[in-house]
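[1] Okay, structure incoming, though there's no sequence with it:
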């Protein structure tokens, strides 16, 4: 039997709209039998966060407190209008029976998409595994692990 | 005879500068004989829009009215300054006999680059084919069609 | 002996955080023996700039004066807060003994990563080679040179 083809994404952005695009691509590729990996780094890592454990360093806490927590709190890259944009977009998605970023995020986990939380981003901000979503396919690893996977992939994108 | 190599782009962004980059890459690849596809989604879809047909849903109309219409109305991702940035940049491009996003967009159509308008984006915003540019190589399709193409491509990028 | 695999990046963005991501990927790939090329275009070209030589055209000077000069002056894509964001982030990186964009940029040159400065961007803004960093692996070339390289690459990303 042939090995499944690989599809790799770096989700650098923590924007609602870009997360939707990334998750739509990832779910689509997984739905066609591809082996999908998403590397969550920088602002993208916010999608994996569920809570804040206070740290010693003031700057760690400042950044952790300022960054949105989880896929339901993230904003649009355009027309955010202090949060009104994403709120209206979610409303429109609901009216159309579409899927919001949160739905797509759940679907990605249902489809066993491999999540990698960027080790360097976590270290920098003092975020520990306990602050991230519980998901058996979530691992913490460095960019080298992602690169090995990307090189073997049919498609590798930076979002 | 060998099949032409494929080049795939997702144009997610609706920014003037990013559209210029995407269209420059696409035209360059087409110029070297590659088979080029651009998947226009989210804000990128605005490049394809020519007019607004009023819809029933208030939120559809709101988004359609707020989003720029066509390649000549889009703004810069940086230093936009309420539209002065792109205006100055176009002016500078003209002074240098260069090509603006609108010129590059036309060239892409002259080179028969395949345009796909993202079905889900159109549906969400209630945009119909009549509101898009008339272009025989424009089709409306889902992300699955794009993915099949991307997997066969030498290069696939997200912009 | 096998040819080294290629890794190609377009750095379109001139943001501190995106530059860090691009340089981390590039250094990682170079560290694993890949042949890495970065094509600096649009705002990304600001990383290569060291000084401003005054030009005749007013608009050239305006853009050159408004755009940040070099990797240490660039801002964050999010939470920039007029420069406080990147300053705090650099401070946090120093506290953690991590590497800032400037460190990663230097490392990329130490690893002999090939830099291409986008000819069209330079021409548009009237920037000459004398205004760019001195680096033997820096060349000025068009998108066609980049595309040829991207087509031969295992991974090609747009950042």
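    Cool, the structure landed. Everything numeric here is computed off the predicted structure, so don't read it as measured data.
[2] Quick check on the closest residue to residue A:109 other than its chain neighbours: phi, psi?
    Spatial nearest neighbour of residue A:109, chain neighbours left out: residue A:135 (5.6 Å); criterion: C-beta to C-beta, 6 or more residues apart in numbering or on different chains. Just so you know, the C-beta spots here come from the backbone N, C-alpha and C atoms, and that holds for glycine as well. When read as degrees, to the nearest 10, the backbone of residue A:135 gives phi -160, psi 120.
[3] Ok, residue A:156 next?
    According to degrees, to the nearest 10, residue A:156 has phi -140, psi 120.
[4] packing partners for the longest helix anywhere in chain A?
    If you go by DSSP state H, chain A has its longest helix at helix A:16-31. If contacts are counted by 3 or more C-beta pairs under 8 Å, 6 or more residues apart in numbering or on different chains; DSSP states H and E, helix A:16-31 sits against strand A:6-11, strand A:35-40, helix A:84-95, helix A:101-110, helix B:143-151.
[5] Give the rounded mean pLDDT of the first one.
    This points to strand A:6-11. Taken as a whole, strand A:6-11 has an average pLDDT of 98.
[6] again, but for the second one
    Across strand A:35-40, the average pLDDT comes to 98.
[7] near chain C, anything from it?
    No - judged by C-beta under 8 Å from any C-beta of the partner chain, strand A:35-40 and chain C are separated, with a smallest distance of 10.0 Å.
[8] swap in the first one?
    Yes - with C-beta under 8 Å from any C-beta as the criterion, chain C is reached by strand A:6-11 at residue A:10.
[9] Next, the angle strand A:35-40 makes with that strand.
    10 degrees (axes from the mean of the first three to the mean of the last three C-alpha atoms, to 10 degrees).
[10] Can you pull out the residues in contact with strand A:6-11?
    A:18-19, A:22, A:25-26, A:29-30, A:34-41, A:44, A:47, A:146, A:149-150, A:152-159, C:21, C:25, C:157 (C-beta atoms under 8 Å, 6 or more residues apart in numbering or on different chains).
[11] any idea how far residue A:71 is from chain C?
    As judged by C-beta to the nearest C-beta, to the nearest Å, residue A:71 and chain C stand 16 Å apart.
[12] just checking, that residue touches residue A:102?
    Yes - counting by C-beta atoms under 8 Å, residue A:71 touches residue A:102, with 5.0 Å between them.
[13] Among the helices and strands packed on helix A:16-31, show the one with the smallest mean pLDDT.
    Taking the mean pLDDT of those, helix A:84-95 comes last: a mean of 86.
[14] how about it, does it reach chain B?
    Yes - legend: contact between helix A:84-95 and chain B by C-beta under 8 Å from any C-beta is shown at A:88-89, A:91-93, A:95.
[15] Now tabulate those in CSV and tack on distance to residue B:112 and neighbour count.
    As requested, those are exported to CSV (distance: C-beta to C-beta, whole Å; neighbours: other C-beta atoms under 10 Å in any protein chain shown):
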residue, distance to residue B:112, neighbour count
A:88, 37, 18
A:89, 34, 23
A:91, 39, 12
A:92, 34, 20
A:93, 34, 17
A:95, 37, 13
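[16] what residues does chain A put near chain C?
    So chain A meets chain C at A:10, A:12, A:14, A:41-43, A:57, A:59-60, A:62-63, A:66-67, A:120, A:123-125, A:142-144, A:147-148, A:150-151, A:153, A:156-158 (C-beta under 8 Å from any C-beta).
[17] Just the buried ones from these?
    Neighbour-count burial (16 or more other C-beta atoms under 10 Å in any protein chain shown) applied to the residues of chain A next to chain C gives A:10, A:12, A:14, A:41-43, A:59-60, A:63, A:67, A:120, A:124-125, A:143, A:147, A:150-151, A:153, A:156-158.
[18] Residue A:45 and residue A:67, how far apart?
    Residue A:45 sits 8 Å away from residue A:67, going by C-beta to C-beta, to the nearest Å.
[19] got any residues that touch both of these two?
    residue A:14.
[20] what's the residue lying closest to residue A:118 once chain neighbours are set aside in contact with, if anything?
    Excluding its sequence neighbours, the residue lying closest to residue A:118 (C-beta to C-beta, 6+ apart) is residue A:41, at 3.7 Å. Shown in contact with residue A:41 (C-beta under 8 Å, 6+ apart): A:10-12, A:118, A:120-121, A:143, C:21.
[21] in the longest helix of chain A, what counts as buried?
    Counting neighbours by 16+ other C-beta under 10 Å, helix A:16-31 gives A:16-30 as buried.
[22] from the residues you listed, which is closest to chain C?
    Among the buried residues of helix A:16-31, residue A:18 lies closest to chain C (C-beta to the nearest C-beta), at 11.3 Å.
[23] Please tell me I have it right and that closest one contacts residue B:12.
    Yes - the pair residue A:18 / residue B:12 is scored as a contact, 6.9 Å apart, by C-beta under 8 Å.
[24] so what sits against both of those two?
    residue A:159.
[25] quick one: residue A:140 is in a strand?
    Yes - if the criterion is DSSP: H, G, I helix; E, B strand; the rest coil, then residue A:140 is within a strand.
[26] what about residue A:91, distance to residue B:154?
    In terms of C-beta to C-beta, residue A:91 sits 41 Å off from residue B:154.
[27] Oh, that last question was meant for residue A:142, not what I typed.
    28 Å.
[28] Repeat that for residue A:56.
    49 Å.
[29] quick one, which of these two is more surrounded?
    residue B:154 (17 against 7; other C-beta atoms under 10 Å in any protein chain shown).
[30] list the contacts for the more buried one?
    Neighbour list for residue B:154: B:5-7, B:34, C:150-151 [criterion: C-beta under 8 Å, 6+ apart].
[31] Closest to residue A:112 out of these?
    Closest approach between these and residue A:112, by C-beta to C-beta: residue B:6, at 28.7 Å.
[32] now the residue lying closest to the closest one once chain neighbours are set aside, what's its secondary structure?
    Spatial nearest neighbour of residue B:6, excluding adjacent residues (C-beta to C-beta, 6+ apart): residue B:153 at 4.0 Å. Per three-state DSSP, the secondary structure class of residue B:153 is coil.
[33] Residue numbers of chain A in contact with chain B?
    Chain A comes close to chain B at residues A:5, A:17-18, A:20-21, A:24-25, A:28-29, A:31-32, A:34, A:77-79, A:88-89, A:91-93, A:95-96, A:98, A:154-155, A:157-159, as judged by C-beta under 8 Å from any C-beta.
[34] can you pull the pLDDT of residue A:82?
    68.
[35] which one is residue A:141 nearest to, not counting chain neighbours?
    residue A:116 (5.1 Å).
[36] And residue A:65, by the same measure?
    That would be residue A:52: by C-beta to C-beta, 6+ apart, it lies 6.6 Å from residue A:65.
[37] List the contacts of the residue lying closest to residue A:55 once chain neighbours are set aside.
    Distances taken as C-beta to C-beta, 6+ apart place residue A:126 nearest to residue A:55, at 4.3 Å, with adjacent residues excluded. By C-beta under 8 Å, 6+ apart, residue A:126 lies in contact with A:55, A:57, A:60, A:64.
[38] so how far is residue B:48 from the residue nearest to residue B:6?
    From residue B:153 to residue B:48 the distance is 21 Å (C-beta to C-beta).
[39] Equivalent analysis for residue A:38, please.
    Taking C-beta to C-beta, one finds residue A:38 at 28 Å from residue B:48.
[40] and what of residue A:74?
    From residue A:74 to residue B:48 the distance is 26 Å (C-beta to C-beta).
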